[in-house]
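J.: Have a look at this fold, sequence not included:
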């Protein structure tokens, strides 16, 4: 249901622009997004493309995701599309699924009404974070609730009109990220907005408006109020956007990284062997390269990289206590993962894969016949192998061993046997036992 509230008189009026005059290419719009837009209009509801997809099209980029804003309630959207599913507690949205593509449909948000005492609809935590926000409103009110001016652009393909409420077009032209409203208040409402600002600044190459930047520096600690489960997906968005290395640098610059990976940040600050200043940036640059090349990237590999050094430190401590190397890796993995789970809730299937990648590093050095063939047949071999190559690049692993594993993948089975037999310890002839003579 659409409601008005006490702040309505302060709403801004949009400026209308022709999509054609702005160079917006309608051919970039997903046919499934068009299906959703048309389906809502046929039922008598408003429907606009909004947010990142409009921003990207105006920048000449191909959008990856399409979001639709409407005055239909989530329940009405669900009734319109049988393939729709209502998700979310803090604010309900509808995912309309077409195979692998998901079109996200949001009902216009209303400006928070302080006089509304129904906590099922609007509830604020002690730190100002919105815990429940199912307050629906008008298009004008929805524009007030958007986080950034460049994300508050609405596009109607049927009329080819772009609605600009907050000078978003100017900010796109100037390459500026500007928070709508007072940055500190918006960050308190939802601390994840600080991560979004950093992500978009890194991805788009935009500057963060000074007041928004300063507010991040002053309120980074608010991330401790965000549920650990929510931060898992946010970390993937940060580092799998194709600008991982720039994102990493900005997260550290604004003091955000320490609230995502505290153990890793503690090591980054130390001078011990200069390790993280080489391995971690190299791994993130490699991730960016793979994304540009259209190659797959997996969550387990990313988290294995980000938590590798804490695991290694715990492993070394265990070895000093007398554990063998293999058991020390297992213990180090346990400690590093459990410690991180209190901050970012990594699903168990990914922690299992992280552990597998780490344990492979031990077996890569062993190079025993049975282990070699098992490793080559392992579904996660490529991830473990790529991880070893990164370690070899910063002298954490033997370049000779890395070259050996590279070569053994390209030869036939007979040549593999020869390579195994030529290893130290395999080529030595067994000493024959002297026969005992009867006296």
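T.: Yep, it's here. Only a predicted model underlies this, so the values are computations on that prediction, with no experimental measurement involved.
J.: Can you get me a residue count around residue 145?
T.: 21 (other CB atoms under 10 Å). Where C-beta positions appear, they are placed from N, C-alpha and C, glycine not excepted.
J.: Need the nearest residue in space to it, chain neighbours excluded.
T.: Leaving aside its sequence neighbours, residue 145 sits nearest to residue 109 (CB to CB, 6 or more residues apart in numbering; 4.1 Å).
J.: thinking that neighbour is in contact with residue 147, fair?
T.: No: contact criterion CB atoms under 8 Å: residue 109 and residue 147 do not qualify, at 11.2 Å.
J.: quick revisit: the residue nearest to residue 145: neighbouring residues, count only.
T.: For residue 109, using other CB under 10 Å, the count is 20.
J.: Retrieve the pLDDT associated with it.
T.: At residue 109, the pLDDT value in this model is 90.
J.: ok, it - contacts?
T.: 91, 133, 135-137, 141-142, 145 (CB atoms under 8 Å, 6 or more residues apart in numbering).
J.: again, only using 6 Å
T.: Shown in contact with residue 109 (CB atoms under 6 Å, 6 or more residues apart in numbering): 137, 142, 145.
J.: Then residue 186?
T.: Counted by CB under 6 Å, 6+ apart, residue 186 has contacts 179, 193.
J.: Next, give phi and psi for it.
T.: Dihedral angles of residue 186 (phi, psi; degrees, to the nearest 10) stand at phi -70, psi -40.
J.: what does residue 347 give?
T.: phi -60, psi 150.
J.: ditto for residue 68
T.: The phi/psi pair for residue 68 (degrees, to the nearest 10) is phi -120, psi 130.
J.: And for it, the neighbour number?
T.: Residue 68 sits with 25 neighbouring residues when counted by other CB under 10 Å.
J.: ditto for the one 5 residues further on
T.: Other residues within reach of residue 73 by the criterion other CB under 10 Å amount to 19.
J.: how much space between the closest residue in space to it that isn't next to it in sequence and residue 159?
T.: Nearest non-adjacent residue to residue 73, counting by CB to CB, 6+ apart: residue 107, 5.6 Å away. Here the distance between residue 107 and residue 159 works out to 21 Å (CB to CB, to the nearest Å).
J.: returning to what we had before: list the ones among the contacts of residue 109 that fall in helices.
T.: The members of these that map onto helices under DSSP state H are 142, 145.
J.: Closest one to residue 98 out of the contacts of residue 109, please.
T.: Set against residue 98, the nearest of those by CB to CB is residue 142 (24.3 Å).
J.: Please name the residues that touch the residue nearest to residue 73.
T.: 73-74, 136.
J.: quick one: it from residue 165, how far?
T.: Distance from residue 107 to residue 165, by CB to CB: 17 Å.
J.: Pull out the buried positions in stretch 265-272.
T.: For stretch 265-272, a neighbour-count test (16 or more other CB atoms under 10 Å) marks 265, 267-268 as buried.
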